[in-house]
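Enquirer: The following comprises the amino acid sequence and a computationally predicted model.
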Amino acid sequence: MGTDQQAPNRPPGTPTPTSSGAPVPLGPRFAKLWAASTASALGSGLSTIAAPLLVASRTSDPVVVSAAAGVAWLPWLLFALPGGVLVDRVDRRRLMVVVDWVRVAAMAALAAAIATGHPSIALLYAVLFVINTGEVVFRSASQAMIPAVVPRERLERANGWLLGGVTLMQQMVAGPLGGFLFLLAASIPFFVNAGTYAASAILIAAVAGRYRAEPRETAAEGGTRSSVRADIGEGFRWLMRQRVLRTMAVLIGMLNVTLTAALAVLVLLARERLHLGSVGYGALFTCMAVGGILGSVVGDRLVDRVGATWTVRIGLLIEAGLHLALAASRSSWLIGFALFAFGVHGSLWTIVASSLRQRLTPPHMQGRVGSTNLFIAAGGNCVGALLGGVVAARFGITAPYWAGFAVAVLVSATTWRVFDRATVSAAYRTPAFEEAAAAAAAAQ
């Protein structure tokens, strides 16, 4: 990775130009990875829309309907951590291909059952569990591959493009398309989903290279592989020793609690305080999606211009501002703008957090450290989904938003100094483990 090192006279995060003066291209390997991720996101978005429609067409029991979402979230809590260990032990590209073909088989079986008039809610639950288990592993492996696919000076750009493709497909295209396809025939969205997973598998298989991190074996281990539990513990301890990464992981967990709680009852806020119908309610999410796409497209340039430090700090203020607007305002226009700004912030935060983690984490621990972040984020989502309705029912519809505002202000004040310019800039310099690897290679 010596050719990807940042020039010493270049500001942190600035793309290294080629001999012609243009930034280093992301390359064909990344193009295939991006196309695979985007196709997979479209299919997943279609099934996310079609699954509850299928359940609702079979039963009106709210517990049965909501259980579909619970089954989809459960793998993130069960398999995020062991999935990271798997990602660090095998070739990541081949693992992603296997995951995709398993998901093709599962989704095709469900679609065939629906098409032949034998839909089963139990089968739907089982398939949702399988494909979301695959999504946990797939996402960890994809994030771990990126530093080996693109120059490290272009990580922000690569993460922005990946995020933009996912946001566009899942939040803009999949919603109306999934509903339309379901009206044509209940099986079509699931058949299309199987096709997108197959396309993803083919594209990833075409990515050249070997993507297996060499494990580090210590004398205490006697050259043998450690246990899954020990590997999980190693990744967790490493993350907890990194002040910036640890703070960002804890922050995303806490802020996901308040954000998911807020979104869980947003439909009630839209109806009771903003007096919006179903179209207006959907438009609020469109505002957030548009902001997310904009942030993903221009995110690397914004981070270069204002710096990662102020990107994170301003983002925390935007988070607080969103909750304040939702709690205090009755203007749908203001709240729509607040959600748009939050969408931009969400993309920028993801770009900075992912790029910092990829820069700082040793190659043999990328899967475990990334999956630990996924586990913390998913835990926050699950807790928030449970708390949102409880808090609103007990203290009023605006209570979750006032609580979110208080939490956002508190974490902004307590973590402001963590993201100082010197600390964050240090993360953009070549990590010590890369310097040691380069020195060892030069000595051979």
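Expert: Good, I have the coordinates. None of these values were measured; they are calculated from a predicted model.
Enquirer: any low-confidence regions in the protein?
Expert: Confidence mapping of the chain against pLDDT under 70 gives the ranges 1-24, 60-63, 65-66, 69, 214-225, 278, 427-444.
Enquirer: Could you tell me how many residues sit around His275?
Expert: Residues lying near His275 (other C-beta atoms under 10 Å) number 10. For glycine as for every other residue, the C-beta is placed from the backbone atoms N, C-alpha and C.
Enquirer: Am I right that it is in a strand?
Expert: No: assessed with DSSP: H, G, I helix; E, B strand; the rest coil, His275 is coil; it does not lie in a strand.
Enquirer: As a check, name the ranges of all helices in the stretch 1-150 of the chain.
Expert: Counting by DSSP state H, counting those that start in this stretch, residue ranges of the helices within the stretch 1-150 of the chain are 28-58, 62-89, 92-115, 121-149.
Enquirer: OK, contacts around Ser227?
Expert: Applying C-beta atoms under 8 Å, 6 or more residues apart in numbering, we find Ser227 in contact with no residue.
Enquirer: how far away is it from Asp91?
Expert: Counting by C-beta to C-beta, to the nearest Å, the separation of Ser227 from Asp91 is 21 Å.
Enquirer: again, but for Ser142
Expert: With distances defined as C-beta to C-beta, the gap from Ser142 to Asp91 amounts to 13 Å.
Enquirer: next one: Arg271
Expert: Arg271 is 50 Å from Asp91, where distance means C-beta to C-beta.
Enquirer: repeat for Trp101
Expert: Trp101 sits 15 Å away from Asp91, taking C-beta to C-beta as the criterion.
Enquirer: what's the answer for Asp100, then?
Expert: From Asp100 over to Asp91 the distance is 14 Å, taken as C-beta to C-beta.
Enquirer: Comparing those two, which residue is more hemmed in?
Expert: With neighbours defined as other C-beta under 10 Å, Asp100 and Asp91 compare such that Asp100 has more, 26 against 17.
Enquirer: Against Val90, how distant is that one?
Expert: With distances taken as C-beta to C-beta, Asp100 is found 15 Å from Val90.
Enquirer: quick revisit: kindly reformat the helices of the stretch 1-150 of the chain as JSON lines containing distance to Met254.
Expert: Putting those into JSON lines (distance: least, C-beta to C-beta, whole Å) gives the following:
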{"stretch": "helix 28-58", "distance to Met254": "25"}
{"stretch": "helix 62-89", "distance to Met254": "17"}
{"stretch": "helix 92-115", "distance to Met254": "30"}
{"stretch": "helix 121-149", "distance to Met254": "21"}
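Enquirer: The longest helix seen in the chain packs against which elements?
Expert: Ranked by number of residues, the top helix in the chain under DSSP state H is helix 278-328. Applying 3 or more C-beta pairs under 8 Å, 6 or more residues apart in numbering; DSSP states H and E, one finds that helix 278-328 contacts helix 155-167, helix 243-264, helix 266-272, helix 332-360, helix 399-415, helix 421-427.
Enquirer: That helix vs helix 399-415, what angle?
Expert: Using axes from the mean of the first three to the mean of the last three C-alpha atoms, to 10 degrees, the direction of helix 278-328 lies 60 degrees away from that of helix 399-415.
Enquirer: any idea of the angle helix 278-328 forms with helix 332-360?
Expert: Per the same axes, to 10 degrees, the angle that helix 278-328 makes with helix 332-360 is 80 degrees.
Enquirer: where's helix 278-328 relative to the chain centroid, distance-wise?
Expert: Taking C-alpha atoms, centre = their mean, to the nearest Å, the mean C-alpha location of helix 278-328 is offset from the chain mean by 15 Å.
Enquirer: contacting residues around Val250?
Expert: With C-beta under 8 Å, 6+ apart as the criterion, the residues that contact Val250 are Ile376.
Enquirer: ok, now Arg313?
Expert: Neighbour list for Arg313: 412, 416, 419 [criterion: C-beta under 8 Å, 6+ apart].
Enquirer: And it, how far from Phe419?
Expert: From Arg313 to Phe419 the distance is 6 Å (C-beta to C-beta).
Enquirer: go on, Phe191?
Expert: Distance of Phe191 to Phe419, given as C-beta to C-beta: 46 Å.
Enquirer: just Ile121 next, same as before
Expert: For Ile121, the distance to Phe419 - C-beta to C-beta - is 46 Å.
Enquirer: neighbour-wise, which of those two wins?
Expert: Using other C-beta under 10 Å, the more surrounded residue of Ile121 and Phe419 is Phe419, with 23 against 16.
Enquirer: Quick check: chain neighbours aside, which residue is closest to the more buried one?
Expert: When the adjacent residues along the chain are set aside, Phe419 lies closest to Val312, with 4.7 Å between them (C-beta to C-beta, 6 or more residues apart in numbering).
Enquirer: Does Trp34 touch Leu162 like I think?
Expert: Yes: checked against C-beta atoms under 8 Å, the pair Trp34 and Leu162 is within contact range at 6.0 Å.
Enquirer: neighbour-wise, which of these two wins?
Expert: Looking at Trp34 and Leu162 with other C-beta under 10 Å, you find the greater number of neighbours at Leu162, namely 23 against 19.
Enquirer: I'd guessed that one sits against Ala36; true?
Expert: No: applying C-beta under 8 Å, one finds Leu162 not in contact with Ala36, separated by 10.1 Å.
Enquirer: Identify the residues contacting Arg246.
Expert: With C-beta under 8 Å, 6+ apart as the criterion, the residues that contact Arg246 are 239-240.
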